[in-house]
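**Q** Following is a predicted model, sequence given first.
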Amino acid sequence: MDTWVLGQISFWFTVKEIKPAQVVDKVIEIWLDLVTPGRGAGERNWFHRAYRTVEQSTTRASRELDIRRELRDWDSSYPEIHHELIVRWIVGALVSITVTSVYNSIKRTMMGGGGYRRDPYNRF
């Protein structure tokens, strides 16, 4: 029961206090780092390096605008399931799972022996 209450409190506190815009910005940044190609071979002189940097930043900016446009389209198509609400729920669930796992680990450690004591007279 105490684990359930702790999970509920951590979930709802996180849902209320999280800043979904910051989470979305960070997820977009990580995604763009993964899908935007980095520096490649053939950058022998300063001109090629500068050209590649401009090309990479342009590609990155256009992909970021595409992602943000798709998020706006999602919000207008499904106003009852706004993307920020989904971010709040996912982060709240992750925090709740983490808090309850840590609590259960500490609880087992404090009880000793993994938290489950066996009855020496019970053979089943």
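**A** That came through, no problem.
**Q** For the chain, give me the ranges with low pLDDT.
**A** For the chain, applying pLDDT under 70 flags the ranges 38-49, 112-124.
**Q** Find the centremost residue of it, please.
**A** residue 91 (6.3 Å; Cα atoms, centre = their mean).
**Q** Quick check: that residue vs residue 72, distance?
**A** 21 Å (Cβ to Cβ, to the nearest Å). Using the backbone N, CA and C atoms, a C-beta is placed for each residue, glycine as well.
**Q** next one: residue 61
**A** 17 Å.
**Q** do residue 28 as well
**A** Residue 28 is 13 Å from residue 72, by Cβ to Cβ.
**Q** between these two, which one's more packed in?
**A** residue 28 (15 against 11; other Cβ atoms under 10 Å).
**Q** isn't that one right up against residue 64?
**A** Yes: the criterion here is Cβ atoms under 8 Å, and residue 28 meets it with residue 64 at 6.1 Å.
**Q** Can you check which helix is longest in this structure?
**A** helix 46-77 (DSSP state H).
**Q** Around the closest residue to residue 74 other than its chain neighbours, how many other residues sit close by?
**A** Nearest non-adjacent residue to residue 74, counting by Cβ to Cβ, 6 or more residues apart in numbering: residue 83, 5.7 Å away. By the criterion of other Cβ under 10 Å, residue 83 has 15 neighbours.
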